[in-house]
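Peer 1: Only the shape, not the letters, is given here:
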């Protein structure tokens, strides 16, 4: 539905990444942004494409560093960059991509945009640092959600803020929507991990299902409670879309958000 | 001679580094800047201190990542951060420090300064990437010097450009001086490695003494040629200081530059 814009973003990403990208992933961050813009009848010009490229690049750089940090071997069903290029180049490539993002923003010349994305990068780091410092520890559910905000929702939030700065036509609470979706997205990721490889538990990362369980072996009640938590954030986000006029774009947006329920 | 300003910079560094810093190192980058400012009778106000702090922080962040990349165990005669905090936190701390630097520059609000330091960060990455990609290869001496420019001189150059932007009273070729000093500084570092631990050769990093030798075992002629190369950059740098009026600060600056000859 917004595929032609996603293709432009892919081409842009290629320009700023110092290695061959075979799999761009779902590009969910930019897709959400594109669907919001289209729902609001906003013309997706190159400024929006630049901003959405920056969002995807910051995400990609964070994956490069995360995979080094977590010694991952697989990313998007392929060998991860650290496996192909080694830890050394993966760290450097991540740094270079961030530097390239900043160049794009510097070229746009709006210091507020720089501040927004720098805050996101800082928050993402802080989230990862908190996670590293609380390994093998059960935190409260509130602290867990705070970590989800920092690690994941902060980039969605920065995207929302940036789109709002570029356009004057965004009147609904896009920031509230972005943050709710971002939190739901991270909890869903964490739940999927527990329902499949359980590598998080192995690595001492205790997420919602563990926090909701009485022990590390996870019971069904804890899974249901986690799903309930995701649902809350999803519905909160979707409610914020109410003020937008109905359209095929809006329906697609809601469909994607509701996918997190599966 | 400029110790009171260096102390201010140390205090500033502490604010932006997420772990305890016991040893600030020589702070050579900021010291050179301070001595230039004092030689030119420029009042070292907080704007200069902020910029020089940013320079030292970018250097510190690069050390954190370099030590992870090179699996170092010692830095400034103490266990390196990657040994104390692990690779994971070292990468994240490095990222967070860069993010904090950008916050300082964003607060100053001058987009040109952001561009200057972002270019330095990009060049430093590129230098490291080139080094990683040419392991176990003898490059030409020109390519080696280009790598020294990227890896090391680019931060000195950024510092010079930034000081020039803040002050209108810098009329000598501070950029030329900074680049020459930066190159000499890196070659001297590389020479010291060859004359002591030789770990560079072990790691497949072939620097000037290797490039000047017929084989990997380094002969005296190669050492002398390397010293000659350092001397050239030092004298080039010092010549550029000629237009500055003589003072105790200028003498101290020249003394520090000449130290690279030892």
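Peer 2: Structure's in. What do you need? Predicted model only: the values in this text are computed from it and were never measured. Residues are numbered from 1 along each chain as shown, chains lettered A, B, ... in the order given.

Peer 1: Which stretches in the stretch 1-150 of chain A count as strands?
Peer 2: A:74-75, A:78-79 (DSSP state E, counting those that start in this stretch).

Peer 1: Show me what the mean pLDDT comes to for the biggest helix by length in chain A.
Peer 2: Counting residues, the longest helix found in chain A (DSSP state H) is helix A:81-108. The predicted model assigns helix A:81-108 a mean pLDDT of 91.

Peer 1: how about it, does it reach chain B?
Peer 2: Yes - using CB under 8 Å from any CB of the partner chain, helix A:81-108 reaches chain B at A:86-89, A:91-93, A:95-96, A:98-100, A:102-103, A:106. To be clear about C-beta, it is placed using only N, CA and C from the backbone, and glycine gets the same treatment.

Peer 1: Tell me which residues touch the closest residue to residue A:2 other than its chain neighbours, please.
Peer 2: Excluding the flanking residues, the one nearest residue A:2 by CB to CB, 6 or more residues apart in numbering or on different chains is residue A:34, at 4.0 Å. Residues near residue A:34 by CB atoms under 8 Å, 6 or more residues apart in numbering or on different chains: A:2, A:5-6, A:44, A:48, A:52.

Peer 1: now with 7 Å?
Peer 2: Residues in contact with residue A:34, defined by CB atoms under 7 Å, 6 or more residues apart in numbering or on different chains, are A:2, A:5, A:44, A:52.

Peer 1: how about those residues in TSV, adding pLDDT and neighbour count?
Peer 2: Shown next, in TSV, are the contacts of residue A:34 (pLDDT from 0 to 100; neighbours: other CB atoms under 10 Å in any protein chain shown):
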residue	pLDDT	neighbour count
A:2	94	20
A:5	97	21
A:44	97	16
A:52	98	28
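
Peer 1: so where is the stretch 151-262 of chain A shaky, pLDDT-wise?
Peer 2: A:216 (pLDDT under 70).

Peer 1: any idea where the strands of it begin and end?
Peer 2: Under DSSP E, counting those that start in this stretch, the stretch 151-262 of chain A gives no strands.

Peer 1: List phi and psi for the residue of it found nearest chain B.
Peer 2: Closest residue of the stretch 151-262 of chain A to chain B, CB to the nearest CB: residue A:203 (10.6 Å). Phi and psi for residue A:203, reported as degrees, to the nearest 10, are phi -90, psi 10.

Peer 1: Just give the closest residue to it, not the sequence neighbours.
Peer 2: Using CB to CB, 6+ apart, the closest residue to residue A:203 is residue A:70 (6.9 Å).

Peer 1: cool, and residue A:236?
Peer 2: residue A:180 (4.6 Å).

Peer 1: Neighbours of the one you found, how many?
Peer 2: Using other CB atoms under 10 Å in any protein chain shown, residue A:180 has 24 other residues around it.

Peer 1: Is stretch A:156-168 in proximity to chain B?
Peer 2: No - contact of stretch A:156-168 with chain B (CB under 7 Å from any CB of the partner chain) is absent, the minimum separation being 12.5 Å.

Peer 1: which parts of stretch A:111-122 are buried?
Peer 2: Buried residues in stretch A:111-122, counted by 16 or more other CB atoms under 10 Å in any protein chain shown: A:111, A:113-122.
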